[in-house]
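K.L.:
predicted model and sequence below, questions to follow.
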Number of protein chains: 2
Amino acid sequence: MLVRVETLMRESVAELDIYALSLFDKLPAGKRLRAKLILKIAGEDEESVKLASIIELIHAASLLHDDVIDDSDTRRGIASINAIFGNKTAIMLGDILYSKGFSELTSFSQEISKTVADAVTMLSVGELMDVELSKSLNMNQELYFDMIYKKTAVLIEAAAKSAALLAAKDADAFALYGKNLGLAFQIIDDVLDITMDSETLGKPALHDFEEGKTTLPYIYLFESLDEVQSNKLKTLYKKRLNKEESAWIKSIMTESGAIAKSVKLAQKLGYEALGAIKVDKNEALEAVIKNMIEREF
Amino acid sequence: MLVRVETLMRESVAELDIYALSLFDKLPAGKRLRAKLILKIAGEDEESVKLASIIELIHAASLLHDDVIDDSDTRRGIASINAIFGNKTAIMLGDILYSKGFSELTSFSQEISKTVADAVTMLSVGELMDVELSKSLNMNQELYFDMIYKKTAVLIEAAAKSAALLAAKDADAFALYGKNLGLAFQIIDDVLDITMDSETLGKPALHDFEEGKTTLPYIYLFESLDEVQSNKLKTLYKKRLNKEESAWIKSIMTESGAIAKSVKLAQKLGYEALGAIKVDKNEALEAVIKNMIEREF
């Protein structure tokens, strides 16, 4: 059924412009997490496939613009559109996918289209917040959670909620599932940036801190360090780290319990997500959460 | 009433993010042509002010991204957001204004929201077409008209049509008015790039050809030149022109009748626009067209 989502996404672009299609064809498909959620929640029919293709077009657009904003040369292990064709092409293709997504969205109920459109607005604010928060050391948990909610969780929440609306299921319950899945996913992503090596990640390890992002493990870490260590860590902020410095950060992350505390929170959010959809007894949706949180970090 | 449109635009951004608002406040308001059309067609009430603010948010977003794509340092005589805060900030603010426009659009009827959303999709395709057509000398009129329809006319068409839908007026007639207004506006803009000096324009004159854009006067000109002159003109394509070269282009543009022919087409489109809304007897809408086409070029 995901094949039908891919086909519909491609057809949506094909009807607009042949050059845009040739660019679209160079995008890696990724996991299509949002599409999977929609099909697992709303069932597999024409409407749910269309909704899934819209959300994935919007998600693809946001990644295109993200990669320009973050100067990312790779996306899912292959060269990004901005790296191959330049920033301008990536911006324009992103605008096309965003607006096509919105065009198609207008065929759904006002409640669904508003849910998705509001999420995209928050997503774009989240991107701006992320960039702003990366300018100086952020140790404010509230700002971090607000940012990852907007930047990562909000579109997953909207996918789950709009699918529930489409299937006349409990929209609030599925929204909570999607939101917590998104938050947990981002926290775990932030943990893996610290605990995994570059090879396993497929991107540079310990990259967030170098980029100015003080993710949750760093916020917890700063809270637990004495002044001497805290000052030492601050000197490494936004710096390209050598082997010794990387090893030191990894070791204090573990010793201080900052990693364990972050993982524990992600797991708590994951179990809350499972609790929210308990009555639905949807094994596929449960597996998404369990695969994410019941693993080694 | 335009003040209420400005206020509503600002409130829409204010409720999202304080930093986004501070950036938004740095955008020049411009003529608000699209808002004026909406208020003149649909009358002045809460709904029409809201629709006008949405279209202007979307228009502002498209200009923000345009300026990044065209490397423009100025917009309406003042420094552009990308020039002051960098391309990334301009992209993000554009995304915020686009998505907020779409969010607010969902409160309108499906017909209105689809009209506007489809226009934005074409607008983003038009931007890509413009960039593609600027890569090499385009002498194809059909491609030029398709591009200016999408890049310039489509949102004016959608503004007029959606306002007519809101006021239960003849949507097709007002759509034709808006489309022709937009096409004529762009052709005249392309003419003024050739006939006006930099001071009057507030931007470099003869800039289009230097940028790789063969606008309608150039297409007409190439059609009328002999091989020797045509080859000479081709050597100046995408070149920074000296005084002598500029003067030569200006003189053959007039001598060949390429300017007059372009102006005549813009006027024909303008009079068609007037014809489309004749029964409405709307003096303000008629004045918009007349001020544009009954002037010196």
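P.N.:
Yep, it's here. It should be emphasised that the depicted structure is a prediction, and the values quoted were computed from it without experimental measurement.
K.L.:
show the pLDDT at the residue located most distally from the centre of chain A.
P.N.:
Residue farthest from the centre of chain A, counting by Cα atoms, centre = their mean, is A:Val228 at 34.5 Å. On pLDDT, A:Val228 comes in at 96.
K.L.:
and the contacts of the helix or strand where it lies?
P.N.:
Of the helices and strands defined by DSSP states H and E, A:Val228 is found in helix A:227-235. With Cβ atoms under 8 Å, 6 or more residues apart in numbering or on different chains as the contact definition, helix A:227-235 has outside contacts at A:137, A:221-222, A:225, A:249, A:252. The way it works is simple: take the backbone N, C-alpha and C, and place the C-beta from them, glycine included.
K.L.:
now, which of these sits nearest A:Lys26?
P.N.:
Of all those, A:Ile249 has the smallest distance to A:Lys26: 35.6 Å, by Cβ to Cβ.
K.L.:
now the angle between helix A:227-235 and the one helix or strand the closest one maps to, please.
P.N.:
Assigned by DSSP H and E, A:Ile249 falls within helix A:243-255. On the basis of axes from the mean of the first three to the mean of the last three Cα atoms, to 10 degrees, helix A:243-255 is oriented at 130 degrees to helix A:227-235.
K.L.:
who touches helix A:243-255?
P.N.:
Everything outside helix A:243-255 that qualifies as a contact, by Cβ under 8 Å, 6+ apart, is A:194-195, A:205-206, A:209, A:217, A:221, A:225, A:229, A:233, A:236, A:239, A:241, A:258-260.
K.L.:
check these and tell me the two furthest apart.
P.N.:
Pairwise across the contacts of helix A:243-255, and taking Cβ to Cβ, the largest span is found between A:Lys239 and A:Ala260, at 25.6 Å.
K.L.:
may I see the buried residues of the helix or strand containing A:Ala61?
P.N.:
Taking DSSP H and E as the criterion, A:Ala61 maps to helix A:46-69. Residues of helix A:46-69 classed as buried: A:47-69 (neighbour count, 16 or more other Cβ atoms under 10 Å in any protein chain shown).
K.L.:
please state the offset of it from the chain centre?
P.N.:
Averaging C-alpha positions (Cα atoms, centre = their mean, to the nearest Å) puts helix A:46-69 12 Å from its chain's average.
K.L.:
can you check stretch A:265-283 too?
P.N.:
A distance of 18 Å separates the centroid of the chain from that of stretch A:265-283, by Cα atoms, centre = their mean.
K.L.:
just the strands in the stretch 1-150 of chain A please.
P.N.:
A:74-75, A:78-79 (DSSP state E, counting those that start in this stretch).
K.L.:
which stretch among those strands comes nearest B:Gly275?
P.N.:
Nearest to B:Gly275, of the strands of the stretch 1-150 of chain A and by Cβ to Cβ, is strand A:74-75 at 51.1 Å.
K.L.:
spell out which residues of the stretch 1-150 of chain A are next to chain B.
P.N.:
A:16-17, A:19-20, A:65, A:68-69, A:87-89, A:91-93, A:95-96, A:98-100, A:102-103, A:105-107, A:110, A:113-114, A:117-118, A:120-121, A:123-125, A:127-129, A:131-132 (Cβ under 8 Å from any Cβ of the partner chain).
K.L.:
filter the residues you listed to the buried ones?
P.N.:
In the residues of the stretch 1-150 of chain A next to chain B, the ones that pass as buried (16+ other Cβ under 10 Å) are A:16-17, A:19-20, A:65, A:68-69, A:87-89, A:91-93, A:95-96, A:98-100, A:102-103, A:105-106, A:113-114, A:117-118, A:120-121, A:123-125, A:127-129, A:131-132.
K.L.:
helices or strands next to the helix holding A:Ala61 in the packing?
P.N.:
helix A:2-14, helix A:33-42, helix A:81-85, helix A:87-105, helix A:110-133, helix A:154-166, helix B:87-105 (3 or more Cβ pairs under 8 Å, 6 or more residues apart in numbering or on different chains; DSSP states H and E).
K.L.:
for stretch A:231-244, measure first residue to last.
P.N.:
17 Å (Cα to Cα, to the nearest Å).
K.L.:
now it: buried residues?
P.N.:
A:233, A:236, A:241.
K.L.:
tabulate those residues (JSON lines), appending pLDDT.
P.N.:
Output for those, formatted as JSON lines (pLDDT from 0 to 100):
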{"residue": "A:Leu233", "pLDDT": "96"}
{"residue": "A:Leu236", "pLDDT": "96"}
{"residue": "A:Leu241", "pLDDT": "92"}
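K.L.:
can you give the domain ranges for chain A?
P.N.:
A:1-107, A:109-297 (automatic domain parsing).
K.L.:
against chain B, how distant is A:Asn140?
P.N.:
Using Cβ to the nearest Cβ, to the nearest Å, A:Asn140 is found at 15 Å from chain B.
K.L.:
and that residue, how many neighbours?
P.N.:
When neighbours are counted by other Cβ atoms under 10 Å in any protein chain shown, A:Asn140 registers 12.
K.L.:
which residues in the stretch 151-297 of chain A form helices?
P.N.:
A:154-166, A:171-195, A:198-201, A:207-210, A:216-224, A:227-235, A:243-255, A:258-276, A:283-293 (DSSP state H, counting those that start in this stretch).
K.L.:
what packs against the first one?
P.N.:
To tie it back to what came earlier, the one meant is helix A:154-166. Looks like helix A:154-166 contacts helix A:33-42, helix A:46-69, helix A:110-133, helix A:171-195 (3+ Cβ pairs under 8 Å, 6+ apart).
K.L.:
adding mean pLDDT as columns, could you present those helices in CSV?
P.N.:
Output for the helices and strands packed on helix A:154-166, formatted as CSV (pLDDT from 0 to 100):
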stretch, mean pLDDT
helix A:33-42, 96
helix A:46-69, 96
helix A:110-133, 96
helix A:171-195, 96
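K.L.:
now tabulate those in JSON lines and tack on distance to B:Lys151.
P.N.:
Shown next, in JSON lines, are the helices and strands packed on helix A:154-166 (distance: least, Cβ to Cβ, whole Å):
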{"stretch": "helix A:33-42", "distance to B:Lys151": "31"}
{"stretch": "helix A:46-69", "distance to B:Lys151": "19"}
{"stretch": "helix A:110-133", "distance to B:Lys151": "23"}
{"stretch": "helix A:171-195", "distance to B:Lys151": "36"}
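K.L.:
so which of these comes closest to B:Ile38?
P.N.:
Nearest to B:Ile38, of the helices and strands packed on helix A:154-166 and by Cβ to Cβ, is helix A:110-133 at 20.2 Å.
K.L.:
report the angle between that closest one and helix A:46-69.
P.N.:
Using the same axes, to 10 degrees: helix A:110-133 against helix A:46-69 is 20 degrees.
K.L.:
could I get helix A:110-133 in PDB with only the CA atoms?
P.N.:
Extracted in PDB, the C-alpha atoms of helix A:110-133 (Å, rounded to 0.1, in the frame of the first residue of the first chain):
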ATOM      1  CA  GLN A 110     -12.100  21.500   7.100                       C
ATOM      2  CA  GLU A 111     -11.200  19.800  10.400                       C
ATOM      3  CA  ILE A 112      -8.500  17.600   8.700                       C
ATOM      4  CA  SER A 113      -7.200  20.400   6.500                       C
ATOM      5  CA  LYS A 114      -6.900  22.700   9.400                       C
ATOM      6  CA  THR A 115      -5.200  20.100  11.600                       C
ATOM      7  CA  VAL A 116      -2.500  19.500   8.900                       C
ATOM      8  CA  ALA A 117      -2.100  23.200   7.900                       C
ATOM      9  CA  ASP A 118      -1.800  24.300  11.500                       C
ATOM     10  CA  ALA A 119       0.900  21.700  12.000                       C
ATOM     11  CA  VAL A 120       2.900  22.900   9.000                       C
ATOM     12  CA  THR A 121       2.700  26.400  10.400                       C
ATOM     13  CA  MET A 122       4.100  25.200  13.700                       C
ATOM     14  CA  LEU A 123       6.700  23.100  11.800                       C
ATOM     15  CA  SER A 124       8.000  26.200  10.100                       C
ATOM     16  CA  VAL A 125       8.100  28.100  13.400                       C
ATOM     17  CA  GLY A 126       9.900  25.200  14.900                       C
ATOM     18  CA  GLU A 127      12.600  25.400  12.200                       C
ATOM     19  CA  LEU A 128      13.200  29.100  13.100                       C
ATOM     20  CA  MET A 129      13.300  28.300  16.800                       C
ATOM     21  CA  ASP A 130      15.800  25.500  16.200                       C
ATOM     22  CA  VAL A 131      18.100  28.000  14.400                       C
ATOM     23  CA  GLU A 132      17.600  30.600  17.000                       C
ATOM     24  CA  LEU A 133      18.300  28.200  19.900                       C
END
